[in-house]
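In: Predicted model and sequence follow; I will ask about them next.
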Amino acid sequence: MKTCAFITLGCKVNQYETQAIRESLAAKGFVETAPEQAADLYVINTCTVTSASDEKSRQYIKKVRRKNPAATVVVTGCYAESDTEAIKKLEGVDFVITKAEEAQLAEIVSRDTVHRVPTSPSKRGGWGDDTYIPGSEKESIYNLKISHFAGHTRAFLKIEDGCDLYCSYCIIPYVRGGIKSRRPPDILEEARRLIDNGYKEIILTGIHLGAYGKETQENLRLLDVINMLSNLSGLKRLRLSSLEINEITHELIDLVAHTNRICPHFHIPIQSGDDFILKRMNRKYNSSQYLEVLDGIRSKIDAPSFTTDIIVGFPGEQDEHFENTINLCKKAGFSRMHIFPFSAREGTPAAKMSDHCQPQTIKKRKTLLDAVAKNSAFTYKKRFLNTRAEVLVETERDPKTNKLCGYSERYIKVLFDGPDTIKNSIVSVRIEEVSPSLAMGTLQ
């Protein structure tokens, strides 16, 4: 019996791609084990958003090699794409698989585990075109299909890859390339398969989700995919993973407002609340436009949930710029804020800027913004005291309290007592207590 283990760093798209690889390896006879255990094969799906992400990937490579020196170690993901040659030189790496080659990963490694003879790292192979089966085409990741989502009650469905925004701090457009949209029939087929396998909620995801269809000649739009999926029998919820503020149209707002299946939850990265910094970031909006769109959503949808990403300490950020970010966040009323201290990523324009903030300044500003985020989340959740929320119950209980837990349609985590028989179902819970991070309630 051949065993495999997976380590996934980074975003929801990486999680989706790991699941696709997981299923392709299972079809080849591999049995999954926990990454903490010794396995015959380790797949490390890397992230390269920051230099720290690269270092974390390298640490995992060393760790799994120590765990089982005889194992086959495969490195894929964005770091493998951005710095292939550097990874090839790392001791213990057997295969570096690029995005275009991930669809063949299972066939490559299943043949290798049969014929492989352990040698020195420089002779392990798997580093060039001679590794691959002669005459075979390097297929897109879209040729991999998923039917389950290991460890998740909700399933991610990747419909788009690539980005053409070129924000000045981000390496991803250089790594994943331009917009690549998935064919609607393939999306529909995968969604039906996930629903048939018991998934009540599907989260549409992509590197630049709102750009879906942009590169095609077929007039495809994200709205077409949402309309197509929201009518599927058996699907209880459809959630959008992330959208740029200038991609949220009146048509989309109206659709969410009048379709119960689409969650009234919008993850809209702001990155900064100051127009000078937004321009330096090469973002395509200003702070006023951002707030106007939020107001437009609120005018059509009752108590929508807004979550966001913010970078603190971007080059050139002065106290007054940071104060503008504080003020915008207070006005926006975010239910959750993901706050990232700026980290210079080699190869991006921001890394070359001369006026970087001091680490102690960034740390102080993050602490201040964390307090704003906590208060904003608490204020939002208090609106739902003594009301009912529809909660999709997770298949695992909360590890700290042993209570059932799940997320409401507005992405509020809710804990409550109840039987295991209601796991993976949507139930009504009366909210009786809230904190910045979650709500407590009683099953109705």
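Out: Yep, that arrived. In this text, all values refer to a predicted model and were calculated from it rather than measured experimentally.
In: Pro185 is in contact with Val225, correct?
Out: No: Val225 is beyond contact range of Pro185, at 11.4 Å (criterion: C-beta atoms under 8 Å). All C-beta atoms are positioned from the backbone trio N, CA, C, and that covers glycine.
In: Between the two, which is the more surrounded one?
Out: When neighbours are counted by other C-beta atoms under 10 Å, Val225 and Pro185 differ, and Val225 comes out ahead with 24 against 9.
In: Which helix or strand contains that one?
Out: helix 222-230 (DSSP states H and E).
In: buried residues in that helix?
Out: By 16 or more other C-beta atoms under 10 Å, the buried positions in helix 222-230 come out as 222, 225-226, 229-230.
In: Likewise for stretch 76-93?
Out: Here stretch 76-93 shows 76-83, 87-88, 90, 92-93 as buried, counting by 16+ other C-beta under 10 Å.
In: and the least confident of the residues you listed?
Out: The lowest pLDDT within the buried residues of stretch 76-93 belongs to Gly92, with 85.
In: can you pull the contacts of the spatially closest residue to that one that is not a sequence neighbour?
Out: Leaving out its chain neighbours, the residue that sits closest to Gly92 by C-beta to C-beta, 6 or more residues apart in numbering is Arg65, at 3.5 Å. Going by C-beta atoms under 8 Å, 6 or more residues apart in numbering, Arg65 touches 71, 73, 91-92.
In: Inside strands: which ones of the residues you listed?
Out: Residues of the contacts of Arg65 located in strands (DSSP state E): Val73.
In: So which of the buried residues of stretch 76-93 is the closest to Pro315?
Out: Ser82 (21.2 Å; C-beta to C-beta).
In: Quickly note the distance from that closest one to Thr72.
Out: Ser82 sits 23 Å away from Thr72, going by C-beta to C-beta, to the nearest Å.
In: Check Glu101 too.
Out: 15 Å.
In: do the same with Arg410
Out: Counting by C-beta to C-beta - Arg410 and Thr72 are separated by 44 Å.
In: who has more neighbours, the two?
Out: A count of neighbours by other C-beta under 10 Å puts Thr72 above the other of Arg410 and Thr72, at 24 against 21.
In: Was I right to think that one contacts Asp40?
Out: Yes: at 6.6 Å, Thr72 counts as touching Asp40 under the criterion of C-beta under 8 Å.
In: Apart from its neighbours in sequence, what residue is nearest Asn282?
Out: Sequence neighbours aside, Ser168 is the residue nearest to Asn282 in space, at 4.6 Å (criterion: C-beta to C-beta, 6+ apart).
In: I'd assumed that neighbour was in a strand, is it?
Out: No: Ser168: not assigned to a strand; according to DSSP: H, G, I helix; E, B strand; the rest coil it is coil.
In: what about it, how many neighbours?
Out: So Ser168, with other C-beta under 10 Å, has 18 neighbours.
In: Return the distance of stretch 377-397 from the chain's centre.
Out: 22 Å (C-alpha atoms, centre = their mean, to the nearest Å).
In: whoops, stretch 147-165 was the one
Out: 7 Å.
In: Could you pull out the helices in the stretch 151-300 of the chain for me?
Out: Ranges of helices within the stretch 151-300 of the chain are 172-176, 184-196, 222-230, 250-258, 275-280, 287-300, based on DSSP state H, counting those that start in this stretch.
In: Which of those sits closest to Ala350?
Out: Taking the helices of the stretch 151-300 of the chain one by one with C-beta to C-beta, helix 275-280 is closest: 7.8 Å.
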